[in-house]
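would you be able to build a 3D model of this:
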Amino acid sequence: MNDNHFKFSIAVIGLPVFFVLFLWIVYWIQIRFDFDFYQNGIYPRDFSGLQGVLFSPFIHENLNHLYNNSIPLLVLLAAMQFFYPNQSFAVIGYGILFSGLITWFIGRENYHIGASGLIYVLVSFIFFKGIQTRYYRLVALSFAVVLLYGGMIWYVFPDVDQNISWEGHLAGFITGFVISLFYKTPEYTKPIVYDWQKPDFDPSDDPFMKHFDDNGNFVNTEIPEEDSQMVSSYFNSDVSVHYIITKPKSEEEDL
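Below is the predicted model:
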């Protein structure tokens, strides 16, 4: 796979816009018809609270909560769809499922709602997957994510803010990391390795390297007739060039 893999498509814009728009529609229904969707969130270690594993990412407490989650989702979902188009839907689906289950196991006995768990899944996956591929574009994306959202790491710890679900954040971060390990991406283009970079390279077999000593100093030598064609082919050029190599002059001739 090479850089042609990263192609812009309508899904790069459509996926994040549709997802975030759906969140706002759910919130509008909640306000307009006075629905209490909070009880559809994750309630840890309670059988009825399992419904929140699927529903909680789409439920938000207030407008500020929804707005703070909408901007990162727009950016991260667009990045996922552009750089990982074949994995984006699987990461979103499995991310919501497993981060929700972990929250259900470890969370405090309260309703956990909001899409922040999914945000942590996306941040974690994009960061760790980019580092694992060692592909320069994806590594650069990993560093960009750290620059934009690196401060979020503090909110996976208890007692930072009692009003937020640090359990959901931690669950999302763990889930994104695990998915990055088990969900394989196609192999990217490997860097070009020249013959002289290979471990088994023997300079004595290269017609050009024969003109250098062990210290890298150029040494004038005569080219055997059988090697002349090899030297000419080594310098790949459309222009006909004649190379003349002379014997070193003696000290008497220099004087």
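
quick check, pLDDT for S88.
Looking at S88, its pLDDT reads 93.

just give the nearest non-adjacent residue to it, would you?
Nearest non-adjacent residue to S88, counting by Cβ to Cβ, 6 or more residues apart in numbering: M80, 4.3 Å away. Any C-beta I mention is one placed from the backbone N, CA and C, and that applies to glycine too.

could you check how far the one you found is from G151?
20 Å (Cβ to Cβ, to the nearest Å).

so between the two, which is more surrounded?
More neighbours surround M80 than the other of M80 and G151, with 23 against 9 (other Cβ atoms under 10 Å).

which element follows the helix or strand containing G52 toward the C-terminus?
Element membership of G52, judged by DSSP states H and E, is helix 52-55. Where DSSP H and E defines the elements, the next helix or strand beyond helix 52-55 is helix 63-83.

give the buried residues for that next one.
Residues of helix 63-83 classed as buried by neighbour count (16 or more other Cβ atoms under 10 Å): 65-66, 69-70, 72-83.

relative to G117, which of those residues is nearest.
Distance to G117, by Cβ to Cβ, is smallest for N69 among these, at 9.9 Å.

residue nearest the centroid of this structure?
Centrality entry for the chain: nearest residue to the mean C-alpha point is G130, 2.8 Å, by Cα atoms, centre = their mean.

contacting residues around that one?
By Cβ atoms under 8 Å, 6 or more residues apart in numbering, the contact set of G130 is L138, V139, A140, L141, S142, V145.

now L77
L77 neighbours (Cβ under 8 Å, 6+ apart): L15, P16, F19, V20, S88, I92, L122.

now rank those by neighbours and give me the top one.
Highest neighbour count within those, by other Cβ under 10 Å: L122, with 25 neighbours.

secondary structure element for that one?
Using DSSP H and E, L122 falls in helix 116-133.

for that helix, buried residues please.
Neighbour-count burial for helix 116-133 flags 116-130, 133 (criterion: 16+ other Cβ under 10 Å).

what is the nearest of those residues to I96?
L118 (5.8 Å).

residues contacting the closest residue to that closest one other than its chain neighbours?
Nearest non-adjacent residue to L118, counting by Cβ to Cβ, 6+ apart: P57, 5.2 Å away. For P57, the contacting residues are I96, G100, G114, A115, G117, L118, by Cβ under 8 Å, 6+ apart.

looking at those residues, which is nearest I174?
Nearest to I174 among those: G117, at 10.5 Å, using Cβ to Cβ.

contact partners for that closest one?
Contacts of G117 (Cβ under 8 Å, 6+ apart): S56, P57, G95, I96, S99, G100, T103, S165, G168, H169, A171, G172.

thanks a lot, catch you later.
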